[in-house]
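1. Just the structure for this:
(chains A and B)
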Number of protein chains: 2
Amino acid sequence: MTLRLCAGRAIVAAATVLSALMAGCANAPYDKSITIAEQGSFFVGGRKVQAPGNYDPTKSAAGTDEGQAFWVDQMYVQYQIPVNARKYPLILVHGGSGTGRVWETTPDGREGYQTLMLRRGYPVYIVDFPRRGRAGYPSFNGPFGMLAGTPVVPNLTGQAGAQYAWSRWRLGPKYPEVFPVQQFPMKALDQFLQHLVPTVSDNAEVISGALVSLLDKIGPAILVTHSQSGLFGWLAGARSQNVKGIVAYEPGFVFPQGQVPGAIPLFKGNQPSGTAVTAAEFTKLARLPIQVVYGDNIPKQPIPDLVADGRRAQVVTSPMFVDALNKQGGRASVLHLPDAGLFGNSHFMFSDLNNVAVADQLSLFLHAQQLDVR
Amino acid sequence: MTLRLCAGRAIVAAATVLSALMAGCANAPYDKSITIAEQGSFFVGGRKVQAPGNYDPTKSAAGTDEGQAFWVDQMYVQYQIPVNARKYPLILVHGGSGTGRVWETTPDGREGYQTLMLRRGYPVYIVDFPRRGRAGYPSFNGPFGMLAGTPVVPNLTGQAGAQYAWSRWRLGPKYPEVFPVQQFPMKALDQFLQHLVPTVSDNAEVISGALVSLLDKIGPAILVTHSQSGLFGWLAGARSQNVKGIVAYEPGFVFPQGQVPGAIPLFKGNQPSGTAVTAAEFTKLARLPIQVVYGDNIPKQPIPDLVADGRRAQVVTSPMFVDALNKQGGRASVLHLPDAGLFGNSHFMFSDLNNVAVADQLSLFLHAQQLDVR
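-> Predicted coordinates for the structure are as follows:
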């Protein structure tokens, strides 16, 4: 992990600071090896469920629920710690339809935040949150979600197809069109779609509770959330003493009870502006350095595609969230990547073609907030 | 990845050879850092399914199947390549109820094969096979397994609870008893159970097909299979030109069509001895170096616990498989770990308390077969 400067990537500001932050840059032509002090994986959170009856393996070699105990709602955590690591790890939390895979290699085979931020000296923790991916989901021996005839979760899943993904996540304005300026790695569309997994009754208390358990285990850390997991990050930040800062890519929001702004009008209907938390929780969140980040190509006026219009409604809400935090002495801000000279970013900006420059913005924020200390 | 000798671990044979093979040993008191040349993840295999109708995002912000295309049956692959790597990567394929997680950290927090074999210089590929973990499973917007009202997979899952796991995988003879000599990390039982995920209509053609696709992509490699994935390894070995050897931990078996031995009697009922492949496929498999590995505490006589008795039936079948291969000029063998001085191993020997010694047996085999060249 020798300190090296990366030439050839234009950053609009703070080039000198950046040079010092870039300990290893993915696209530069030099030895790309990484030295890791430790790596591994484990589970946190979850609970045991017990099926009624008596387990009897003399009746049949096939498993049944009868009399058995099963774990559900645990969270899977993988981690890597570089040598000479910075003090605060990054916890990367995927969003809707995703798993921790989204932080690994980009769809088109470049390094994602897993490796980029490791190169920059951060211990990196990546989760599959409860009911997704390697965390498993609550299903047993029989119909989906049923434990010995009793439902643990409803028989209902959700999944994003190519068409929903297209406008919701700004792969383009409308399937299969593209934007004039575009950073999504379109040639690797299928690899992107292959990473999507079904959603099973997401539960914000379960997921944020597992994040708090992770923070209990590893100590002070920085949360990096994406989209759906924005909410889980705010809840964990409000409830754990170990959150040192939060960077949220295109999240939803929380507000104090009784102060949730009215729903934001969409082209048709409207979208809730956020989720209520207690006044005490919101006050605790206001003590944290927080950055909300948006990409490009988000509509500025209501558009008939309601799937895409919801993102515009989030942008409308974002200054309300930041203002509410800052009125309590917070250090919250919104970064629109085009304002930093980064144009064409999709909802998955951390794996877009210019993701090294997007990561540079993360490094700058962490440095400004003194969260990059060793 | 400096070459170092590991003291304090007794190996029954070939200590001199082993010393040269142990490039980094997990339990030795020295700098444990690892230098990685490259790491990442990707998907292989799979197919697209298309729901009927027209996608219309102006009706609702919620996703539906209507008119959308989804990927199913892809395989998730994560990999790490050490500096100065050996020539042939290891592809680690999990078994029933598991995901690639099983090869990572052991339940009690020690290094698993992912890191142990990386230390020994092997590029390591770990998969979540189709319909498991990060590979996702075929479910969409609505009831499990249904695409726009048509089933893609049946509404049926399987899952191992603590009681089934106990005797099937030899955590002990019978829940919650333990064996007199035991290597399973019993203090980390919950972490072990948390790694289990539901099974969704496993399909040997889909899974082995995805392994062949992986081999097409990465070239010559060694397959390391476990239990259920034994079959998928034999099929991939019979169908890909890129399999250089197979080590199978407690697998099921294949035989040429028309030569499948009769079912093996259990305490009650019986168990099929294997799966039929074409004569040509079996002949191709016979050209490969193959080792079948068993742990300890497997019953030698039929026992009333049919879940446990099935493993004994596999041991009975194993010499038939090896003999059938070797009659065609094969280089197949069976290793019972107790015969190598390793006692008390469970079905998950590669994460048992003595997993470094179990990995030593793998290193010895690969060396003997000249599969550890650089």
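
2. what ranges do the helices span in the stretch 1-150 of chain A?
-> A:15-21, A:113-119 (DSSP state H, counting those that start in this stretch).

3. Quick check: the residue of the stretch 1-150 of chain A nearest chain B.
-> Among the residues of the stretch 1-150 of chain A, A:Gln68 lies closest to chain B, at 2.9 Å counting by CB to the nearest CB. The C-beta positions use only the backbone N, C-alpha and C, and glycine is treated the same way.

4. Measure how buried the closest residue to that residue other than its chain neighbours is and give me the count.
-> For A:Gln68, the nearest residue in space outside its immediate sequence neighbours is B:Gly161; the separation is 2.9 Å by CB to CB, 6 or more residues apart in numbering or on different chains. Summarising burial for B:Gly161: neighbours were counted as other CB atoms under 10 Å in any protein chain shown, giving 28.

5. dump the residue contacts of B:Gly161.
-> B:Gly161 makes contact with A:51, A:55, A:63, A:65, A:68-70, A:140, B:193, according to CB atoms under 8 Å, 6 or more residues apart in numbering or on different chains.

6. ok, now with 10 Å
-> Contacts of B:Gly161 were listed using CB atoms under 10 Å, 6 or more residues apart in numbering or on different chains, and they are A:48-51, A:55, A:63-71, A:140-141, A:147, B:97, B:175, B:193, B:196.

7. What of A:Thr99?
-> A:Thr99 makes contact with A:76, A:126-129, A:132-135, A:195-197, B:76, B:128, B:133-136, according to CB under 10 Å, 6+ apart.

8. What of A:Arg239?
-> Neighbour list for A:Arg239: A:208-209, A:211-212, A:215, A:277-278, A:281, A:284-285 [criterion: CB under 10 Å, 6+ apart].

9. Phi and psi next, for it.
-> Here the main-chain torsion angles of A:Arg239 (degrees, to the nearest 10) amount to phi -120, psi -10.

10. can you pull the pLDDT of it?
-> Looking at A:Arg239, its pLDDT is 98.

11. Report the next helix or strand after the host helix or strand of A:Lys244 in sequence order.
-> In this assignment (DSSP states H and E), A:Lys244 forms part of strand A:243-249. The element immediately downstream of strand A:243-249 (helix or strand, assigned by DSSP H and E) is strand A:254-256.

12. lowest-confidence stretch among the helices of the stretch 1-150 of chain A?
-> When the helices of the stretch 1-150 of chain A are compared on mean pLDDT, helix A:15-21 scores lowest, with a mean of 49.

13. packing partners for the longest strand along chain A?
-> Here the longest strand in chain A is taken by residue count, with DSSP state E as the criterion, and it is strand A:34-50. Helices and strands in packing contact with strand A:34-50 are listed as strand A:69-82, helix A:113-119, strand A:124-128, helix A:204-218, strand B:34-50, strand B:69-82, helix B:113-119, helix B:189-194; criterion 3 or more CB pairs under 10 Å, 6 or more residues apart in numbering or on different chains; DSSP states H and E.

14. Give me the buried positions along it.
-> Using 16 or more other CB atoms under 10 Å in any protein chain shown as the burial criterion, the residues of strand A:34-50 that qualify are A:34-36, A:38-46, A:49.

15. Which pair of those residues spans the longest distance?
-> The two members of those with the most space between them (CB to CB) are A:Thr35 and A:Val49, at 42.3 Å.

16. of all of the stretch 151-300 of chain A, which residue lies closest to chain B?
-> Of the residues in the stretch 151-300 of chain A, the one nearest chain B is A:Gly161, at a distance of 2.9 Å by CB to the nearest CB.

17. tell me, how many neighbours does A:Gly149 end up with?
-> 10.

18. go on, A:Ala368?
-> For A:Ala368, the neighbour count with other CB under 10 Å is 15.

19. isn't it right next to A:Leu335, touching?
-> No. Using CB atoms under 10 Å, A:Ala368 makes no contact with A:Leu335, being 11.4 Å away.

20. hey, what's in contact with both of the two?
-> Taking CB under 10 Å, 6+ apart as the contact definition, A:Ala368 and A:Leu335 share the neighbouring residues A:Gln291.

21. which among the contacts of B:Gly161 end up buried?
-> When those are checked for burial by 16+ other CB under 10 Å, the buried set is A:49, A:51, A:55, A:63-71, A:140-141, A:147, B:97, B:175, B:193, B:196.

22. interface residues of the stretch 201-350 of chain A facing chain B?
-> Contacts of the stretch 201-350 of chain A with chain B, taken as CB under 10 Å from any CB of the partner chain, map to A:266-269, A:271, A:303-310, A:313.

23. if we go to 7 Å?
-> A:304-307, A:310 (CB under 7 Å from any CB of the partner chain).

24. Which ones among the residues you listed map onto helices?
-> Per DSSP state H, helices hold the following members of these: A:306-307, A:310.

25. ok, back up a step: out of the buried residues of strand A:34-50, the closest to A:Thr105 would be?
-> Looking at these and their distance to A:Thr105, the nearest is A:Ile34, at 13.8 Å (CB to CB).

26. shaky segments in chain A?
-> Residues of chain A meeting the criterion pLDDT under 70: A:1-30.

27. how about the strands in it?
-> So, for chain A - with DSSP E - the strands run A:34-50, A:69-82, A:90-93, A:124-128, A:146-147, A:150-151, A:221-226, A:243-249, A:254-256, A:264-265, A:270-271, A:275-277, A:289-294, A:331-336.

28. could you dump these to JSON lines with distance to A:Asn203?
-> As requested, these are arranged in JSON lines below (distance: least, CB to CB, whole Å):
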{"stretch": "strand A:34-50", "distance to A:Asn203": "11"}
{"stretch": "strand A:69-82", "distance to A:Asn203": "8"}
{"stretch": "strand A:90-93", "distance to A:Asn203": "15"}
{"stretch": "strand A:124-128", "distance to A:Asn203": "15"}
{"stretch": "strand A:146-147", "distance to A:Asn203": "16"}
{"stretch": "strand A:150-151", "distance to A:Asn203": "14"}
{"stretch": "strand A:221-226", "distance to A:Asn203": "16"}
{"stretch": "strand A:243-249", "distance to A:Asn203": "20"}
{"stretch": "strand A:254-256", "distance to A:Asn203": "16"}
{"stretch": "strand A:264-265", "distance to A:Asn203": "24"}
{"stretch": "strand A:270-271", "distance to A:Asn203": "21"}
{"stretch": "strand A:275-277", "distance to A:Asn203": "13"}
{"stretch": "strand A:289-294", "distance to A:Asn203": "24"}
{"stretch": "strand A:331-336", "distance to A:Asn203": "26"}
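
29. Please identify which of those strands is closest to B:Val152.
-> Each of the strands of chain A has some distance to B:Val152 by CB to CB; the shortest is strand A:146-147, at 19.4 Å.

30. other SSEs contacting the closest one?
-> Using 3 or more CB pairs under 7 Å, 6 or more residues apart in numbering or on different chains; DSSP states H and E as the contact criterion, no secondary-structure element is in contact with strand A:146-147.
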